[in-house]
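>>> build me a structure from this.
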Amino acid sequence: MRAAGFAIEDARSEGVLIQPWEDSFLPTLMRVMLPRMIERGIAREGEVDLDMLADRIEKERRAASGTIFWDLAFLVSGRFDPAW
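Down below sits the predicted model:
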């Protein structure tokens, strides 16, 4: 990268954590994703009971009393200096 004239100025990662006392967005995410899953043949209409799934996800999460490490994102920023 440096031979091509690029320099890294900042590199970091950030994670999305769902703490045991926080409301989970996973049931909402399932409600959004289910139509797409049906459309692509991953699930069939009527096969998934969203209310029961949301309840089971919430009960399991509370029983575990743990933090969900949901997502990890990386950011790398740099600059281009053709003089290098």
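>>> what about Ala43, how many neighbours?
Neighbours of Ala43 under the rule other Cβ atoms under 10 Å: 15. In this view, the C-beta of every residue, glycine as well, is placed from N, C-alpha and C.
>>> distance of it from Ile57?
As for Ala43, its distance to Ile57 is 16 Å (criterion: Cβ to Cβ, to the nearest Å).
>>> tell me, how many residues neighbour Pro20?
For Pro20, the count of nearby residues is 13 (other Cβ under 10 Å).
>>> oh sorry, the question was meant for Ala11
10.
>>> centroid-nearest residue for the chain?
By Cα atoms, centre = their mean, the mean C-alpha position of the chain lies nearest to Asp71, the distance being 3.9 Å.
>>> quick check, it in a helix?
No - for Asp71, which was evaluated using DSSP: H, G, I helix; E, B strand; the rest coil, the result is strand, with no helix membership.
>>> list the buried residues for stretch 12-20?
If you call a residue buried by 16 or more other Cβ atoms under 10 Å, then stretch 12-20 has these buried ones: Ile18.
>>> now do stretch 31-42
Of all the residues in stretch 31-42, those buried under the rule 16+ other Cβ under 10 Å are Leu34.
>>> which other residues reach that stretch?
43-45, 48, 50 (Cβ atoms under 8 Å, 6 or more residues apart in numbering).
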